[in-house]
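Engineer: Just a sequence and a predicted model for now, questions to come.
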Amino acid sequence: MASVLIILGSKSDAEVGQRAMDVLDRFGVRAEMVVASAHRTPDRVKLLVERSGADVFIAVAGLAAALPGAVASFTCRPVIGVPVSGKLGLDSILSIVQMPPGVPVACVGLDRGDNAALLAVSMLSIGDGKLAESLSSYRREMAEKVERDSNEVQA
């Protein structure tokens, strides 16, 4: 069964990580959430990544946001970075999207743990027809909600 490892740069990122956990749970994707800092515990980051059987990693970090890149340096599996809003926000976004050639990291919007999880589900659904159908169903539900909302506004 496919799985995702969510690594938080610090405990204060737990709310963003929980959004990802909730989405992954909805789709029945196994996930685990841990804390490891690219700067304060780099050996822990390396160990977690190298020992993990996860198919996709989600790395949640603010400020310098080096965690997604650090994770990507230890694996060839997909890494999704989630920048956490802070005093500026722009610093964490740029830290994730400006990765050097050869070490790609996907990046979602500020605090969008939910979108990181949906991107992970999308990646995992490539080889899993049941998961692909669940994702299609989810998107149909979103479209139907927009239609209902439009009808309410027009009424």
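Structural biologist: Ah, there it is. Numbers count the residues shown, from 1 in each chain.
Engineer: how close does the residue at minimal distance from the centre of the chain sit to Val71?
Structural biologist: Compute the mean C-alpha point of the chain, and by C-alpha atoms, centre = their mean the closest residue is Ala116, 3.1 Å away. Separation of Ala116 from Val71 (C-beta to C-beta, to the nearest Å) stands at 13 Å. In this view, the C-beta of every residue, glycine as well, is placed from N, C-alpha and C.
Engineer: Repeat that for Ala59.
Structural biologist: Taken as C-beta to C-beta, the span from Ala59 to Val71 is 5 Å.
Engineer: Just the buried residues of the lowest-mean-pLDDT helix or strand in the chain, please?
Structural biologist: None of the helices or strands of the chain scores lower by mean pLDDT, DSSP states H and E than helix 90-97, at a mean of 89. Across helix 90-97, burial judged by 16 or more other C-beta atoms under 10 Å covers Ser92, Ile93, Ser95, Ile96.
Engineer: Show the subsequent helix or strand relative to it.
Structural biologist: Using DSSP states H and E, the next helix or strand after helix 90-97 towards the C-terminus is strand 106-107.
Engineer: Show me what that next one is packed up against.
Structural biologist: Judged by 3 or more C-beta pairs under 8 Å, 6 or more residues apart in numbering; DSSP states H and E, strand 106-107 is in contact with strand 79-83, helix 90-97.
Engineer: what's the next secondary structure element after that strand?
Structural biologist: Strand 106-107 is succeeded, C-terminally, by helix 113-125 (DSSP H and E).
Engineer: how close does Ser52 get to Ser85?
Structural biologist: 27 Å.
Engineer: Who has more neighbours out of these two?
Structural biologist: Shown here are Ser52 and Ser85; by other C-beta atoms under 10 Å, Ser52 has more neighbours (19 against 14).
Engineer: Asp13 contacts Val84, doesn't it?
Structural biologist: Yes - if you go by C-beta atoms under 8 Å, Asp13 and Val84 touch, sitting 5.4 Å apart.
Engineer: list residues touching both of those two?
Structural biologist: Common neighbours of Asp13 and Val84, counting by C-beta atoms under 8 Å, 6 or more residues apart in numbering, are Val60, Ala61, Gly62.
Engineer: so what does the longest helix along the chain touch, helix or strand wise?
Structural biologist: Secondary structure of the chain per DSSP state H: the longest helix is helix 129-154. In terms of contacts (3+ C-beta pairs under 8 Å, 6+ apart), helix 129-154 is packed against helix 113-125.
Engineer: Good, we can wrap up now.
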